[in-house]
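Trainee: Generate coordinates for the sequence data below:
(one chain, ligands or ions: 2)
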Amino acid sequence: MSVDEIKIGGMGASRRRVEDNRFIRGKGRYVDDIVLPGMLHMEILRADVAHARIKSIDTSAAWEVPGVRLVLTGEMMAARNLAWMPTLSYDTQAVMATDKIRFQGQEIAAVIADDPYIAKDACSRIVVEYEQLPVIVNPVQAQDPSMPLIRDDKENQPTNKIFDWEIGDKARTDKAFEEADVISKLELHYPRSHPSPLEPCGSIADYDRATGKLTVYMTTQAPHIIRAAVAMVAELPEHMIRIVSPDLGGGFGNKVPVYPGYVISILASILTERPVKWIEDKTGNLISTGFGRDVYLKGEMALRKDGKILGMRMHTVSDHGAFYADAQPTKFKIGLMHSTFACYDVPAAHLTSEGYYTNKAPGGVAYRCSFRVTEAMFFQERMIHAAANDLGMDQAEFRRVNLVKDDMFPYRTAFGFLTDSGQYEKCLEVGMEAIGYRNFKQEQEEARKRGRLLGIGISTMTEPLGAGNSREYDILGIKMFDSAELRIHMTGKGILRTGAKTQGQGHETTWAQIVAHELGIPADDIVVEEGDTDTAPFGMGTYASRSTPVAGAAVAMAARKIRAKARKIAAHLLEVSEEDIEWELGRFYVRGNSDRGVTIQDCALAAYSNMPDGMEPGLESTSYYDPPNLTWPFAAYFCKVEVDPQTGVWDVLNFVAVDDCGVRINPMVVEGQVMGGLTEAYAMANMQYITFDESGNCIGSNYMDYLLPTAWETPGFELHEVVTPCPHHPIGAKGVGECATVAGPAAFVNAVMNAIEHAGARNVDMPLMPNRVYEALHTGNDISGMPPVRVD
Ligand code: MCN
Ligand code: CUM
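Mentor: Ligands and ions are numbered 1, 2, ... in the order given. This next block holds a predicted model:
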């Protein structure tokens, strides 16, 4: 008699995404679609040089353009104490340059006008006089004492170094190295990359002087954090601030930071008393907003002859741009870099890192990655590849020997994380089988005899997804947890709101499936709403694939509260005591008499029309969920490539992805996430590069130079699943949103290296452009390492 879970779109149903109904019809409602009465338009003047002392800014010609309502400069921002703002990593960031320009693309002035074209024209009439300074574009230059101090605005900042940080057990690690039979070394650069969502950033600030209310429609993945930040920075009362994040055209981490444009549009609205819209262009997005990576990694691994890893040393040097603006848990200086090697049994490890200011845009730093996990896993898998080669061991076998075994969970990693579940060897096996791993060596040899270069690359990783728990994770002191609020109406339909914010991940579809699973109410009867701080419960937003682990768990818990109350109502309706009530999906019945029952919809109606004496009417619940641990999904990726020895061009022949993200709420959505992530991984491995010339000019500031792969270039991916439920998550799910971007790049690079390393090279840095591959193949030299890096 219970309802069929798959039919009602519950867990495990590949339900079609409900949001796509409006997206594919062109009916999405993005920030730029919103038009408010009397709205003005803002354009930002950005610096064309990377490091310069400002001598003067003359805005008089801009003011004269008809239709211009306001011209803002750093000086005017400073007069209102808004020229600088705090960053998410306890640094400060210029909202508008006052003293110095510190990177190309920095905000210098803004024009607010009747339309965006007038604003842009007027911007071009602003005259900035400056004195150029030597430019620092990498951490080596940042350490050169003859180079200028970038952050001369700060007290106690005598050099360009931001931090030194270490974690792990040095003494134990040193000992492991003393006992090693073989020591394997690797050094590489994970280049700067950009999340580059199709929709750039933007906002519409609408300050109503009559009510004192400020409404801001904006592109943000974390609306509640923005509300708190605006309250603190602009000193406005928090209850008078409403942040609305409508449909987002992708986020990928780019829409986590607080950008100057948002703050400037707010001040502009307060000053003009009109709504002010700011929409960034593509170049503005690429040159000034939160990038990813830009970190130099080197390490060495202590190995025993039989293949056992004994210890790992790692050192990272990260380039943060002009302001340390990473969005990451406060406790860790370099995100979750120390989750590296978490899927392997590594008895001792030590990580040191340094961060530097340079004349580049500041980072949000995570691009589809849990706070530096992408770099960590990329280095891990490149290091594993190098170590297996140094030992003369097979790539898969070396992994099998060192992967954490099923009976070792819960497993405490050398850096202190607790991984709690997984079937790593099984995933490896499924992937090996699917790609035909065991025949490959012979295939490769035979091909080589005929002059063809084939390679196979593996990448296996577990990553920590779902910050909190609140004991360990906070951002600027705000503890990391999340929330859901479920309201069931009297006809059994309902609305669910969470503190997360979908940017394309499909929350509107999948959260309703959790409710269907818990209550037996069809998913189609639950509308999901996120992103409006006036209506949604407080939450830390969507990034680091934390939504399913945290907000998704809160959804299940909120639904369970509803079920608990409905049970009392059912007992009342069936005139038995609560203890005699049994539940099956969608329905309560009397124990021993399953024909006597009421549906969840009957209970909903009774909650408004026939509740038991003394019971509060209504059927609503709120749940704040603080997860006991992170969730630990696992991925095993296998990539087979062919490299053309004449050109260095490489093609993917086959790609097999095995993902274990615990219980899948919606298998089709999970597959979409994996496909999208692999496409981005392929782009980074193959073609994407944002770099800077010696003057700090950003190379890669448009889509002619910074390449987005289309369906034409992107290889096909074959997907497999393994399910190890998360032991602490209410529905057994683990996060998955980033796994493919995190584990993907190393699979491609390992495959290309496997095809060419017989010639001698141990590493080619990403992107593996044909000229680099060609050179490594024909000279046998590495193309990698510390700066100055090659700019091709
Ligand atoms: N899911 C599921 N079963 C699981 C795990 C997840 O069905 N066991 C579903 C979820 O219900 C959700 C989706 O998969 O609909 C992703 O869930 P999750 O792994 O929790 O990740 P988040 O929702 O927190 O999304 C964040 C993650 C990040 S950090 C980036 S960056 C990223 C990504 O998601 N940006 C994206 N995927 C993106 N996909 C799109 N289309 N656009 C972006 O900007
Ligand atoms: Cu790290 S990019 Mo996502 O976390 O928004």
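Trainee: Can you tell me how far H489 is from T691?
Mentor: H489 sits 55 Å away from T691, going by C-beta to C-beta, to the nearest Å. For glycine as for every other residue, the C-beta is placed from the backbone atoms N, C-alpha and C.
Trainee: Look at these two and report which has more neighbours.
Mentor: A count of neighbours by other C-beta atoms under 10 Å puts T691 above the other of H489 and T691, at 20 against 16.
Trainee: looking at it, that one is touching H194, isn't it?
Mentor: No: using C-beta atoms under 8 Å, T691 makes no contact with H194, being 11.3 Å away.
Trainee: Spit out the residues that contact the two alike.
Mentor: Contact criterion C-beta atoms under 8 Å, 6 or more residues apart in numbering; residues shared by T691 and H194: G700.
Trainee: what about the closest residue to ligand 1 within the stretch 551-700 of the chain, how many neighbours?
Mentor: Closest approach between the stretch 551-700 of the chain and ligand 1, counting by C-beta to the nearest ligand atom: I665, at 3.3 Å. Burial of I665 is recorded as 28 neighbouring residues (other C-beta under 10 Å).
Trainee: again with M408
Mentor: M408 has 13 neighbours, counted by other C-beta under 10 Å.
Trainee: T92 too?
Mentor: T92: 16 neighbours (other C-beta under 10 Å).
Trainee: How about the contacts made by it?
Mentor: Each residue near T92 by C-beta under 8 Å, 6+ apart is listed here: W84, M85, P86, D153, K154, F323.
Trainee: what do you get for E694?
Mentor: Per C-beta under 8 Å, 6+ apart, neighbours of E694: V135, V137.
Trainee: where does this protein have low pLDDT?
Mentor: 785-792 (pLDDT under 70).
Trainee: Close to ligand 1: what parts of it are there?
Mentor: Within the chain, the positions near ligand 1 by C-beta under 6 Å from any ligand atom are 197, 250-253, 368, 503-507, 510, 542-548, 661-666, 669-670, 673, 676, 733-738.
Trainee: The residues you listed in helices, which ones?
Mentor: Cross-referencing these against helices under DSSP state H gives H507, T510, V669, V670, Q673, G676.
Trainee: I'd like those as JSON lines, with distance to ligand 2 and neighbour count appended.
Mentor: Listed next are those as JSON lines, based on distance: C-beta to the nearest ligand atom, whole Å; neighbours: other C-beta atoms under 10 Å:
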{"residue": "H507", "distance to ligand 2": "13", "neighbour count": "27"}
{"residue": "T510", "distance to ligand 2": "17", "neighbour count": "28"}
{"residue": "V669", "distance to ligand 2": "16", "neighbour count": "22"}
{"residue": "V670", "distance to ligand 2": "16", "neighbour count": "23"}
{"residue": "Q673", "distance to ligand 2": "12", "neighbour count": "25"}
{"residue": "G676", "distance to ligand 2": "12", "neighbour count": "18"}
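Trainee: could you pull out the strands for the stretch 51-200 of the chain?
Mentor: 52-58, 68-73, 84-86, 92-94, 100-101, 107-113, 127-132, 161-168, 182-190 (DSSP state E, counting those that start in this stretch).
Trainee: Highest mean neighbour count out of the ones you listed?
Mentor: Among the strands of the stretch 51-200 of the chain, strand 107-113 has the highest mean neighbour count (mean count of other C-beta atoms under 10 Å), at a mean of 26.
Trainee: mind checking how far the residue of the stretch 601-750 of the chain found nearest ligand 1 is from V258?
Mentor: Proximity of the stretch 601-750 of the chain to ligand 1 (C-beta to the nearest ligand atom) peaks at G737, 2.7 Å away. Distance, G737 to V258, using C-beta to C-beta: 22 Å.
Trainee: Comparing these two, which residue is more hemmed in?
Mentor: Ranked by neighbour count (other C-beta under 10 Å), G737 and V258 place G737 first, with 30 against 25.
Trainee: That one: what's it in contact with?
Mentor: Counted by C-beta under 8 Å, 6+ apart, G737 has contacts R368, L465, Q505, S545, S547, T548, Q673, G677.
Trainee: Include distance to P627 when you put the residues you listed into JSON lines, please.
Mentor: Output for those, formatted as JSON lines (distance: C-beta to C-beta, whole Å):
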{"residue": "R368", "distance to P627": "21"}
{"residue": "L465", "distance to P627": "10"}
{"residue": "Q505", "distance to P627": "18"}
{"residue": "S545", "distance to P627": "13"}
{"residue": "S547", "distance to P627": "12"}
{"residue": "T548", "distance to P627": "11"}
{"residue": "Q673", "distance to P627": "20"}
{"residue": "G677", "distance to P627": "22"}
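Trainee: most surrounded residue in those residues?
Mentor: Busiest of the contacts of G737 [other C-beta under 10 Å] is T548, holding 34 neighbours.
Trainee: Can you tell me the closest non-neighbouring residue to the residue in the stretch 151-300 of the chain that ligand 2 sits nearest to?
Mentor: When scored by C-beta to the nearest ligand atom, the stretch 151-300 of the chain has G253 as its residue closest to ligand 2, at 2.4 Å. Nearest non-adjacent residue to G253, counting by C-beta to C-beta, 6 or more residues apart in numbering: A366, 4.3 Å away.
Trainee: From what I see, that neighbour and R372 are in contact.
Mentor: Yes: with contact defined as C-beta under 8 Å, A366 and R372 form a contacting pair (7.2 Å).
Trainee: what sits against the residue in the stretch 351-500 of the chain that ligand 1 sits nearest to?
Mentor: Nearest residue of the stretch 351-500 of the chain to ligand 1, counting by C-beta to the nearest ligand atom: R368, 3.9 Å away. Neighbour list for R368: P195, F252, G253, G292, T374, G677, E680, G737, E738, T741, V742 [criterion: C-beta under 8 Å, 6+ apart].
Trainee: so which pair among those is furthest apart in space?
Mentor: Farthest-apart pair in the contacts of R368 is G292 and G737; separation 14.7 Å (C-beta to C-beta).
Trainee: how about the residues of the stretch 501-650 of the chain near ligand 2?
Mentor: Neighbours of ligand 2 within the stretch 501-650 of the chain, by C-beta under 6 Å from any ligand atom: Y543, A544.
Trainee: For the stretch 501-650 of the chain, which segments count as helices?
Mentor: For the stretch 501-650 of the chain, the helices defined by DSSP state H, counting those that start in this stretch cover 507-519, 553-574, 600-609.
Trainee: hang on, the earlier thing: any residues in contact with both of A366 and R372?
Mentor: Residues touching both A366 and R372 comprise Q328, G335, with contact defined as C-beta under 8 Å, 6+ apart.
Trainee: tally of neighbours for the residue nearest to S14 when sequence neighbours are not counted?
Mentor: Once flanking residues are discounted, S14 sits nearest to M668: 3.6 Å by C-beta to C-beta, 6+ apart. Neighbours of M668 under the rule other C-beta under 10 Å: 15.
Trainee: tell me the contacts of M668?
Mentor: So M668 contacts S14, R15, R16 (C-beta under 8 Å, 6+ apart).
Trainee: and the strands of the stretch 51-200 of the chain as JSON lines, adding distance to A635?
Mentor: Formatted as JSON lines, these follow (distance: least, C-beta to C-beta, whole Å):
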{"stretch": "strand 52-58", "distance to A635": "45"}
{"stretch": "strand 68-73", "distance to A635": "47"}
{"stretch": "strand 84-86", "distance to A635": "36"}
{"stretch": "strand 92-94", "distance to A635": "34"}
{"stretch": "strand 100-101", "distance to A635": "42"}
{"stretch": "strand 107-113", "distance to A635": "39"}
{"stretch": "strand 127-132", "distance to A635": "47"}
{"stretch": "strand 161-168", "distance to A635": "24"}
{"stretch": "strand 182-190", "distance to A635": "18"}
